[in-house]
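1. The amino acid sequence is not available; the structure is as follows:
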């Protein structure tokens, strides 16, 4: 039985849009007026006593909280899973699960299959333009968590991308479940989305869940590794529909018309956020073969910040925004040894300059003294047929004469059950 992903071709228009793109009138010159609208009320004032009272208590979750589960069935077998991903272990949803893999479907095997493909998707109706003529690679991205009745909590040890970090890409996270399928295979959970880099930042905005789901399904069909008799099926509705999350209007209204047509959105301009369409179902892909192991991969690049953003922590209120500039450097390496054990290390580091701005003026204007902010994160993990682990440590630090404001996160997810999430924020 074929699925929506393999029988409903994506809508493509004239794809001149995805080369020098993109977005929202933003550039390295930073058009502040295009990003924000005037807001009533006085300019924000920095009140040290009030800021001190905003210090959030440390959040620690040991073992994790079991989230709500749903059943997924295929070929007479079933898996109970949380139909979302999360950022920690508390069951707060982040992205919808929209892919499930069964059979010879260990996350490392899915990585091998996708990385083995070339970029020619024209036979499937995709145009020969970026990112649809790109090859899959390992991805730099935020760590996420998943939960199933196999291993319980698992982490996004393997992340893949079609394209590169900017301007747009398909981003896929894979999660080991440890749940057997058919006596010889396994279940693996996936969450994929099509996203755009917000100019002047290192952050992405999701544009489509469905398009990414279609591309992953089409590529695994192209790999020749799907089961010949029962390759694909759809789950029943397992998560939110007809939309999940929104694209903010100030981003949506800057998207090229062809890109809006691709994701099936309403014509711009719009007022208010635009829901990201989803039918709430996941595609199940039955893998019956293995590709040759992929060799070691590495990546190194720098993103230049030049954007107005909300103060990420220790905020003094909804008008507390800052103009951030400076480089953030990313590194990642991944390899699979002779035994099939996958390992990776990833990091980013940056020393940024932040200037408080007044949002009540259009465009916003500086209202305070610039200050430095140090940011960084380290990720490492491993995965094989016996289990896996993911360890993340991130930190954001703002030094000052009166002390320091900081936020740190440590996340450990492992099949040995030693799961722990620690989030601490201190505001001077």
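-> Here it is on my side, so go on. Because the structure is a prediction, the values reported are computed rather than measured.
2. Okay, helices next: where are they in the stretch 251-400 of the chain?
-> 257-262 (DSSP state H, counting those that start in this stretch).
3. quick one, strands of it?
-> 274-277, 283-287, 297-310, 321-336, 342-358, 365-366, 371-384, 387-400 (DSSP state E, counting those that start in this stretch).
4. Please apply the same query to the stretch 1-150 of the chain.
-> Going by DSSP E, counting those that start in this stretch, the stretch 1-150 of the chain shows strands at 59-62, 70-74, 77-81, 99-103, 136-138, 145-148.
5. could the strands of the stretch 251-400 of the chain be laid out in JSON lines, adding distance to residue 105, mean neighbour count and mean pLDDT?
-> For every residue, glycine as well, the C-beta is placed using N, CA and C. Below are the strands of the stretch 251-400 of the chain laid out as JSON lines (distance: least, C-beta to C-beta, whole Å; neighbours: other C-beta atoms under 10 Å; pLDDT from 0 to 100):
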{"stretch": "strand 274-277", "distance to residue 105": "26", "mean neighbour count": "18", "mean pLDDT": "98"}
{"stretch": "strand 283-287", "distance to residue 105": "5", "mean neighbour count": "25", "mean pLDDT": "98"}
{"stretch": "strand 297-310", "distance to residue 105": "21", "mean neighbour count": "16", "mean pLDDT": "94"}
{"stretch": "strand 321-336", "distance to residue 105": "16", "mean neighbour count": "19", "mean pLDDT": "96"}
{"stretch": "strand 342-358", "distance to residue 105": "14", "mean neighbour count": "19", "mean pLDDT": "96"}
{"stretch": "strand 365-366", "distance to residue 105": "53", "mean neighbour count": "13", "mean pLDDT": "92"}
{"stretch": "strand 371-384", "distance to residue 105": "13", "mean neighbour count": "18", "mean pLDDT": "96"}
{"stretch": "strand 387-400", "distance to residue 105": "14", "mean neighbour count": "18", "mean pLDDT": "91"}
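6. Out of the strands of the stretch 1-150 of the chain, which is the most enclosed?
-> strand 145-148 (a mean of 28; mean count of other C-beta atoms under 10 Å).
7. pLDDT of that one, averaged?
-> Summarised as a single mean, pLDDT over strand 145-148 is 97.
8. who does that strand touch, helix- and strand-wise?
-> Counting contacts by 3 or more C-beta pairs under 8 Å, 6 or more residues apart in numbering; DSSP states H and E, strand 145-148 is packed against strand 77-81, strand 152-155, strand 168-181, strand 185-197.
9. if you set the cut-off to 10 Å instead, what comes out?
-> For strand 145-148, the packing partners by 3 or more C-beta pairs under 10 Å, 6 or more residues apart in numbering; DSSP states H and E come out as strand 77-81, strand 152-155, strand 168-181, strand 185-197, strand 403-414.
10. circling back: quick one: which of the strands of the stretch 1-150 of the chain is nearest residue 364?
-> strand 59-62 (31.5 Å; C-beta to C-beta).
11. re the thing from before, can I get the strands of the stretch 1-150 of the chain in a markdown table with distance to residue 268?
-> Putting the strands of the stretch 1-150 of the chain into a markdown table (distance: least, C-beta to C-beta, whole Å) gives the following:
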| stretch | distance to residue 268 |
| --- | --- |
| strand 59-62 | 39 |
| strand 70-74 | 35 |
| strand 77-81 | 36 |
| strand 99-103 | 30 |
| strand 136-138 | 31 |
| strand 145-148 | 34 |
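12. For residue 360, find the nearest of the ones you listed.
-> Among those, if distance is taken as C-beta to C-beta, the winner is strand 59-62, at 32.7 Å.
13. residues making contact with that closest one?
-> 88-91, 409-412, 418-425 (C-beta atoms under 10 Å, 6 or more residues apart in numbering).
14. Just give the strands next to it in its sheet, each with its orientation.
-> strand 420-426 (antiparallel) (DSSP bridges).
15. Just want the angle from the partner strand to strand 403-414.
-> On the basis of axes from the mean of the first three to the mean of the last three C-alpha atoms, to 10 degrees, strand 420-426 is oriented at 170 degrees to strand 403-414.
16. Right, I'll call it a day here.
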